[in-house]
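>>> Structure of the sequence below:
(one chain, ligands or ions: 1)
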Amino acid sequence: MNLYKYVSNAINEKLGTKVNLEVPRNRDFGDFSTNAAMVMAKSAGKNPRELASEIAPKLNELDFVAETSVAGPGFINIKLKDEFIWDAVTQPQNPKSETKQTIDLDYGAYNVAKSLHIGHLRTSIVGDTFNRVAKLLGHKTFSWNHIGDWGKPMALVIAWIEKLHPELPYFQDDFNPNTPVDFEINPSELNTYYPSASALAKQDPDFQAHAQEIKAKFQDGHAGYFALYEKFLKISLEMMNETVKRLNILPFDYDLGERNAAKYLPDVEKILREKNLIEESDGAEVIVVKQESDNKPMPPYMWTDSRGADTYDSTDLAAVYCRKLTDNPDKIIYFTDLRQGLHFEQLFRAAQLSGIYDYSNLEHIGYGTINGNDGKPFKTRDGNAAGLDDIIDAVNDAVKTRVSESGKTLDDDTINAIALAAVKFNDLMHDVRSDYIFDPASVTSFEGRTGPYILYTAVRLNSVLKRATFESDATYMPMTSDERNLMIGILDFERTVLTAFENRATDMIANYAYDLCQLINTFYHNCPILRDDVPAETRAGRLHIVQRAHETLTKTIDLMGLKIPNEM
Ligand code: ARG
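Here you go, the predicted structure:
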């Protein structure tokens, strides 16, 4: 049950007005508090403390309230009855949104023939957790891996392969797609082609011009280029799948990106032309998205570049159109680097202008940068910009060192699960929009606000439940403050998930997990369960609490896509 909502609704009804209910950090004086008296004092013409003393007894009449007290300038603290808490915990924790939406989520968005960079870590982790949260709340979601598979990088890779193997038939304009070609791309070399070609293009204008030519022909359907492209596309898709598995994120509903969107360009162009939205600008075609009220520069949205080729902009607008036809979502939410903020503002305006999609139903969640201890973007030990795999490898090594120092032996699956938890939890616990410092040693600590600490707590609960025999049914028992606090913590799950969804704040899930683990470990420390001298009734009661805590923690861990090992 959603304890917060239950209590808040009951109070609103009792007082006949909507009041503000707070969850105090320190719950010694009350489980909830309200500033209702302070808000209502003015219109009632009373002093807030006086009004609070009048309201408090009314709240005492609510059947779940144990006591109220007035504090400070007129706060009312509310303590709940223990029996009520016990009953509430017994009910399932099953948060649901009141209105169900269909939501397209655009995250991951990996690029063909390019290694995944560090930013892909954040879009994948945050996007996946948001997807899981939305699904749990009953929304219908579709995840789109909007692959970068259509632009200049494709042309550069083709140009590079042509440079390495000019004898291949793919480069001839009359290439017949049925021609068998005895040629395989080495997967471990593929991701070096784009950086090499891109470096060469910067120095060599002829190579650059040739790549441009390839891009135009490729987008026009050149059979040879296309056959070659399909070869490396296949390898890239396999690599992307590996990443999805390695990160333990849900498989994408669609692995369809720019190339797929490009199919919708003619339809979108027709709409734009009918509305006279395409203008010519320095040889390119643009959509002007500037508004009178803008006080920041708002450049036009590029429909085609000066060579007439499709752009990141045009395919993104076509992708909105495609999603509307495919899923007809209520909302589309994009998870990318903050630095793409301007692009999305332009896209959303273009979507609104064209009537393809409402501006207000498009959202961009921009994430900050992952920095090293020096506050600059995280680099590998040899000083190169770190890729996604570098991060996971670094954390794997840190876990191995830590485990061997502690004298334990853990199998590889367990090490991987701990490393994954370390990376993902550390990413999720920060506000998406902010930068954070990534330090492999500290994120793998088994203590403090870390993924391993969360897993450790789950493993501990599993082990208690495995060793326990359930002799008698649990019935209400008088509770200690540690038991009570844990139950209140469990009852905060539904509110947390709903608020995390509404505020697009996946960090709330991670930080809730940490708070819950703190409560679990304090309880575990102070309340013996399986020890011989514990009375049977107390044991049954505590096991009941352990079960509910375990259920709630497991759900929270699932939302983050972490794997709980058997031992740690
Ligand atoms: N592929 C792009 C990148 O790696 C991100 C694409 C984000 N999604 C979109 N619809 N533009 O930066």
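
>>> Show me which residues of the protein sit near the ligand.
When proximity is defined as CB under 6 Å from any ligand atom, the chain approaches the ligand at 106, 109, 111, 146, 148, 316, 319, 334, 336. C-betas here are computed from N, CA, C, even on glycine.

>>> ok, which stretches of the stretch 1-150 of the chain are strands?
Counting by DSSP state E, counting those that start in this stretch, the stretch 1-150 of the chain has strands at residues 21-22, 32-34, 65-71, 75-80, 102-106, 140-144.

>>> For N373, which of these is the nearest?
strand 102-106 (32.0 Å; CB to CB).

>>> Which strands and helices lie in contact with the closest one?
On a contact count with 3 or more CB pairs under 8 Å, 6 or more residues apart in numbering; DSSP states H and E, strand 102-106 meets helix 118-136, strand 140-144, strand 331-337.

>>> which element follows the second one toward the C-terminus?
Scanning the chain past strand 140-144 towards its C-terminal end, the next helix or strand to appear is helix 152-164 (assignment: DSSP states H and E).

>>> same deal with the last one?
For strand 331-337, the following helix or strand on the C-terminal side (DSSP H and E) is helix 341-354.

>>> related to what we said a few turns ago, now the strands of the stretch 1-150 of the chain as a markdown table including distance to L156, mean pLDDT and mean neighbour count?
Converted to a markdown table, the strands of the stretch 1-150 of the chain look like this (distance: least, CB to CB, whole Å; pLDDT from 0 to 100; neighbours: other CB atoms under 10 Å):
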| stretch | distance to L156 | mean pLDDT | mean neighbour count |
| --- | --- | --- | --- |
| strand 21-22 | 56 | 93 | 16 |
| strand 32-34 | 60 | 95 | 23 |
| strand 65-71 | 67 | 95 | 17 |
| strand 75-80 | 64 | 96 | 22 |
| strand 102-106 | 24 | 98 | 22 |
| strand 140-144 | 25 | 98 | 21 |
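
>>> Identify whichever of the ones you listed lies nearest to R539.
Using CB to CB, the nearest of these to R539 is strand 75-80, at 24.6 Å.

>>> contacts for the closest one?
By CB atoms under 8 Å, 6 or more residues apart in numbering, the residues outside strand 75-80 that reach it are 7, 11, 24, 29-38, 52, 55-56, 59, 64-71, 488.

>>> Give me the distance from it to the chain's centre.
Counting by CA atoms, centre = their mean, to the nearest Å, strand 75-80 is centred 35 Å from the centre of its parent chain.

>>> Check stretch 355-374 too.
With CA atoms, centre = their mean, you get 12 Å for stretch 355-374.

>>> Kindly export that stretch (C-alpha atoms) in CSV.
This file holds the C-alpha atoms of stretch 355-374, laid out as CSV (Å, rounded to 0.1, in the frame of the first residue of the first chain):
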residue,chain,number,x,y,z
GLY,A,355,1.7,19.2,-36.5
ILE,A,356,3.3,15.8,-36.3
TYR,A,357,3.5,15.7,-32.6
ASP,A,358,2.7,18.0,-29.6
TYR,A,359,5.7,19.8,-28.2
SER,A,360,4.4,19.2,-24.7
ASN,A,361,4.4,15.5,-25.0
LEU,A,362,8.1,15.3,-26.0
GLU,A,363,10.7,15.2,-23.3
HIS,A,364,14.4,15.2,-23.2
ILE,A,365,16.3,13.9,-20.2
GLY,A,366,19.9,15.1,-20.6
TYR,A,367,22.6,13.4,-18.5
GLY,A,368,25.8,14.9,-17.2
THR,A,369,29.4,13.8,-17.7
ILE,A,370,31.2,10.9,-15.9
ASN,A,371,34.4,12.5,-14.6
GLY,A,372,37.6,11.0,-13.2
ASN,A,373,39.1,12.1,-9.8
ASP,A,374,40.6,15.1,-11.5
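
>>> Identify each buried residue in that stretch, please.
Residues of stretch 355-374 classed as buried: 356-357, 361-362, 364-371 (neighbour count, 16 or more other CB atoms under 10 Å).

>>> nearest to the ligand, of those residues?
H364 (9.4 Å; CB to the nearest ligand atom).

>>> separation between that closest one and H343?
To H343, H364 is 9 Å away according to CB to CB, to the nearest Å.

>>> what do you get for Q212?
From Q212 to H343 the distance is 22 Å (CB to CB).

>>> Dump the buried residues of stretch 355-374 into CSV; add secondary structure as well.
Formatted as CSV, the buried residues of stretch 355-374 follow (DSSP: H, G, I helix; E, B strand; the rest coil):
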residue, secondary structure
I356, coil
Y357, coil
N361, helix
L362, strand
H364, strand
I365, strand
G366, strand
Y367, strand
G368, coil
T369, coil
I370, strand
N371, strand
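
>>> what sits against R484?
Residues near R484 by CB under 8 Å, 6+ apart: 82, 85.

>>> after whichever strand or helix holds it, next one along is what?
Using DSSP H and E, R484 sits in helix 481-490. Downstream of helix 481-490, the first helix or strand assigned by DSSP H and E is helix 493-502.

>>> for that next one, the distance to its chain's centre please.
14 Å.

>>> for stretch 262-272, same thing?
Here the centre of stretch 262-272 is set off from its chain's centre by 31 Å, with CA atoms, centre = their mean.

>>> Tell me which stretches of the stretch 401-550 of the chain form strands.
Assigned strands in the stretch 401-550 of the chain, in chain order: 436-437 (criterion: DSSP E, counting those that start in this stretch).

>>> For the ligand, what's the nearest residue on it?
Minimum separation of the stretch 401-550 of the chain from the ligand (CB to the nearest ligand atom) falls at V432, amounting to 14.9 Å.

>>> Can I get the strands of the stretch 1-150 of the chain in JSON lines including distance to F470?
Listed next are those as JSON lines, based on distance: least, CB to CB, whole Å:
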{"stretch": "strand 21-22", "distance to F470": "36"}
{"stretch": "strand 32-34", "distance to F470": "33"}
{"stretch": "strand 65-71", "distance to F470": "30"}
{"stretch": "strand 75-80", "distance to F470": "27"}
{"stretch": "strand 102-106", "distance to F470": "41"}
{"stretch": "strand 140-144", "distance to F470": "37"}
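
>>> picking up where we left off before, ok, and which of the helices and strands packed on strand 102-106 has the densest surroundings?
Highest mean neighbour count among the helices and strands packed on strand 102-106 (mean count of other CB atoms under 10 Å): helix 118-136, with a mean of 23.

>>> CA atoms only for that one, dumped as PDB, please.
Extracted in PDB, the C-alpha atoms of helix 118-136 (Å, rounded to 0.1, in the frame of the first residue of the first chain):
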ATOM      1  CA  ILE A 118      31.000   6.300 -21.700                       C
ATOM      2  CA  GLY A 119      27.900   8.300 -22.300                       C
ATOM      3  CA  HIS A 120      26.100   5.200 -23.700                       C
ATOM      4  CA  LEU A 121      26.500   3.800 -20.200                       C
ATOM      5  CA  ARG A 122      24.300   6.500 -18.700                       C
ATOM      6  CA  THR A 123      21.600   6.500 -21.300                       C
ATOM      7  CA  SER A 124      21.400   2.700 -21.100                       C
ATOM      8  CA  ILE A 125      21.300   2.500 -17.300                       C
ATOM      9  CA  VAL A 126      19.000   5.400 -16.700                       C
ATOM     10  CA  GLY A 127      16.700   4.600 -19.600                       C
ATOM     11  CA  ASP A 128      16.400   1.000 -18.700                       C
ATOM     12  CA  THR A 129      15.500   1.700 -15.000                       C
ATOM     13  CA  PHE A 130      13.000   4.300 -16.100                       C
ATOM     14  CA  ASN A 131      11.500   1.700 -18.500                       C
ATOM     15  CA  ARG A 132      11.200  -0.800 -15.600                       C
ATOM     16  CA  VAL A 133       9.700   1.800 -13.300                       C
ATOM     17  CA  ALA A 134       7.100   2.700 -15.900                       C
ATOM     18  CA  LYS A 135       6.200  -0.900 -16.600                       C
ATOM     19  CA  LEU A 136       5.800  -1.700 -12.900                       C
END
